[in-house]
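Undergrad: coordinates only, sequence not included:
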């Protein structure tokens, strides 16, 4: 995933969270997981990120074919392998939680596949921009939600979203291409906007279909709700970070 | 790569080999590497295996798309990531040897790509058989050649050829498919023969074009040559192992 211009969720993100016991899941199941609604929400969250990582693996492996040379191809293959490593950790945690990891991921197949079907890159540069902008947006969004879960789950999510080295590589390649032919910048700026639009469309679909995930944001007995103003601020942060990434690429947001 | 029915090169394979000093390449460059012909042969060998691993990564990632479900897809993605890990080690060793790893791999791009272009699997099962039979054949061949190189290089090669878990998974899936529909067995048996034929055609091409590699088999000052009878025995071993793999899959060789 992508190094976010803002590394952690903003301080204005609602914070208090039930902490997992240090003994880990197996010995002392965190009280939070005894709440079926909370467990369902975490399973949904890990399922969504897990399927997203598998999707990222597939997309990066596919984009590797477009690489201009073997060194760049190896760089994309490395990123793909890193994403797959994240997938494995999320899958293992789902198994620890006592659920079938593939069932947990299944509900997210359609929205993720739809996103990728609508945003198939036409060339190497579009693929790079998608890896950087798309993964960055997803990572920001998951980090925001991670503020609402126990620390064990949160740590796993943050780790899964760690930059697989995309940022520096993509920024370098895209800036170099724009320097060689400035017209490339206009085309890629449009592409970036389209990626943002398609990602938001699929995120809304998930929010509408996955009650447990949405309920997480609506709070619980010991968890504060994210009110309308909070949701507004969340979208502002996501949009700002997206703009910062576009700037880093040398593109108009 | 694939668990060979015969794990190590046959005892009849010519053995004596200049040993690398235990101190490693950097501190005490093995005497063998001072021979430019030997160095060129090892660079060719590592380049060929390295490009092969990258090819295997791409092919497995591609075949993952054909998987009937997410669990099987994850299994192929895991194999792909393992192959990429092998690629990285081979690339690092080439750098240690003072050569550009991508230049070293470049000569093998055409034959490997040609092999894959001619053997694009039509479905999930053909992809599985190709992973098992193709990688198994390549692994056997490299293990045979590894008998002619220093122990440091040999260990790296053997490690790169370690089974990424293909064997059990592929054998299980293919046997299950044949049990469900025996006609599948006939089609896959033909497919296995075609893979063998195409692999041998590309291997001959490499042997004809890469003098350094071929020279390795012809021996050197302190290395015995592989004579015509030896080459005959080598092909017999490769063919026998191929038959054993086909049998393991429940297919007529």
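TA: Received it, and whenever you're ready, just let me know what you need. It should be emphasised that the depicted structure is a prediction, and the values quoted were computed from it without experimental measurement.
Undergrad: so what pLDDT did the residue of the stretch 51-200 of chain A found nearest chain B get?
TA: In the stretch 51-200 of chain A, the residue found nearest to chain B is residue A:61; the distance is 3.4 Å by C-beta to the nearest C-beta. The C-beta positions use only the backbone N, C-alpha and C, and glycine is treated the same way. pLDDT for residue A:61: 95.
Undergrad: For stretch A:58-70, which residues meet the burial criterion?
TA: A:58-64, A:66-67, A:70 (16 or more other C-beta atoms under 10 Å in any protein chain shown).
Undergrad: ditto for stretch A:69-84
TA: A:70, A:72-84.
Undergrad: Just the buried residues of stretch A:58-70: which are in strands?
TA: If you go by DSSP state E, those have nothing in strands.
Undergrad: of the buried residues of stretch A:69-84, closest to residue B:110?
TA: Proximity of the buried residues of stretch A:69-84 to residue B:110 (C-beta to C-beta) peaks at residue A:70, which lies at 12.6 Å.
Undergrad: I figured that closest one hits residue B:109, correct?
TA: Yes - between residue A:70 and residue B:109 there is a contact under C-beta atoms under 8 Å: 7.4 Å.
Undergrad: and for those two, which residues touch both?
TA: residue B:51 (C-beta atoms under 8 Å, 6 or more residues apart in numbering or on different chains).
Undergrad: tell me, what residue is most central in chain A?
TA: residue A:138 (2.8 Å; C-alpha atoms, centre = their mean).
Undergrad: Which pLDDT value goes with residue A:218?
TA: 72.
Undergrad: Might one say that it is in contact with residue A:227?
TA: No - with contact defined as C-beta under 8 Å, residue A:218 does not count as touching residue A:227 (9.2 Å).
Undergrad: which bits of chain A sit near chain B?
TA: A:51, A:54, A:57-58, A:61-62, A:64-65, A:69-71, A:73-74, A:77-78, A:80-81, A:84-85, A:87-88, A:91, A:102, A:105-106, A:109 (C-beta under 8 Å from any C-beta of the partner chain).
Undergrad: switch to 10 Å and redo it
TA: Contact residues, chain A versus chain B (C-beta under 10 Å from any C-beta of the partner chain): A:50-51, A:53-54, A:57-58, A:60-62, A:64-65, A:69-74, A:77-78, A:80-85, A:87-88, A:91, A:100-103, A:105-106, A:109.
Undergrad: Inside strands: which ones of these?
TA: Reading strands off the residues of chain A next to chain B, I find no matches (DSSP E).
Undergrad: Which members of those residues occur in helices, if any?
TA: By the criterion of DSSP state H, membership of the residues of chain A next to chain B in helices covers A:50-51, A:53-54, A:57-58, A:60-62, A:64, A:70-74, A:77-78, A:80-85, A:87-88, A:91, A:101-103, A:105, A:109.
Undergrad: contacting residues around residue A:108?
TA: A:44, A:47-52, A:54-55, A:202, A:206, A:209-210 (C-beta atoms under 10 Å, 6 or more residues apart in numbering or on different chains).
Undergrad: Now render those residues as a markdown table, adding pLDDT and neighbour count.
TA: Below are the contacts of residue A:108 laid out as a markdown table (pLDDT from 0 to 100; neighbours: other C-beta atoms under 10 Å in any protein chain shown):
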| residue | pLDDT | neighbour count |
| --- | --- | --- |
| A:44 | 92 | 23 |
| A:47 | 95 | 26 |
| A:48 | 93 | 25 |
| A:49 | 93 | 26 |
| A:50 | 95 | 27 |
| A:51 | 95 | 25 |
| A:52 | 93 | 27 |
| A:54 | 95 | 27 |
| A:55 | 94 | 21 |
| A:202 | 85 | 20 |
| A:206 | 83 | 17 |
| A:209 | 83 | 13 |
| A:210 | 82 | 20 |
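Undergrad: Now flag whichever of the residues you listed is closest to residue B:35.
TA: Within these, the smallest distance to residue B:35 is 47.2 Å, found for residue A:54 (C-beta to C-beta).
Undergrad: The closest residue to the closest one other than its chain neighbours: how many residues sit nearby?
TA: Leaving aside its sequence neighbours, residue A:54 sits nearest to residue A:87 (C-beta to C-beta, 6 or more residues apart in numbering or on different chains; 5.1 Å). When counting by other C-beta atoms under 10 Å in any protein chain shown, one arrives at 26 neighbours for residue A:87.
Undergrad: Quick check: the nearest residue to residue A:104 once chain neighbours are set aside vs residue A:198, distance?
TA: Among residues not flanking residue A:104 along the chain, residue A:47 sits closest, at 3.5 Å (C-beta to C-beta, 6+ apart). Using C-beta to C-beta, to the nearest Å, one gets 21 Å for the distance from residue A:47 to residue A:198.
Undergrad: Check residue A:39 too.
TA: Counting by C-beta to C-beta, the gap from residue A:39 to residue A:198 is 31 Å.
Undergrad: Select the helix or strand of chain A having the lowest average pLDDT value.
TA: helix A:24-27 (a mean of 46; mean pLDDT, DSSP states H and E).
Undergrad: thought the residue nearest to residue A:54 was touching residue A:52?
TA: Yes - when contacts are counted by C-beta atoms under 10 Å, residue A:87 is listed as touching residue A:52 (8.8 Å).
Undergrad: Show me which residues of the helix or strand where residue A:173 lies are buried.
TA: Counting by DSSP states H and E, the element that carries residue A:173 is helix A:166-180. The neighbour-count check on helix A:166-180 (16+ other C-beta under 10 Å) flags A:166-167, A:169-171, A:173-174, A:177-178 as buried.
Undergrad: how about the buried residues of stretch A:69-84 in TSV, adding distance to residue A:189 and pLDDT?
TA: Converted to TSV, these look like this (distance: C-beta to C-beta, whole Å; pLDDT from 0 to 100):
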residue	distance to residue A:189	pLDDT
A:70	30	95
A:72	22	95
A:73	26	95
A:74	28	95
A:75	24	93
A:76	22	93
A:77	28	95
A:78	27	94
A:79	23	91
A:80	26	94
A:81	30	94
A:82	28	92
A:83	26	92
A:84	31	95
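Undergrad: Give the burial count for residue A:248, as a bare number.
TA: With neighbours defined by other C-beta under 10 Å, the count for residue A:248 comes to 20.
Undergrad: Can you tell me the closest non-neighbouring residue to it?
TA: What sits nearest to residue A:248 in space, not counting adjacent residues and going by C-beta to C-beta, 6+ apart, is residue A:171, at 5.4 Å.
Undergrad: ok, the one you found - contacts?
TA: So residue A:171 contacts A:3, A:128, A:132, A:245, A:248-250 (C-beta under 10 Å, 6+ apart).
Undergrad: related to what we said a few turns ago, who touches both of residue A:87 and residue A:52?
TA: With C-beta under 10 Å, 6+ apart as the test, residue A:87 and residue A:52 both reach A:105, A:160.
Undergrad: and the residue lying closest to residue A:97 once chain neighbours are set aside, what does it touch?
TA: Take residue A:97 and drop its neighbours on the chain: the residue closest to it by C-beta to C-beta, 6+ apart is residue A:43, 6.3 Å away. Contacts for residue A:43 (C-beta under 10 Å, 6+ apart) come out as A:33, A:93-94, A:97-101, A:103-105, A:212-213.
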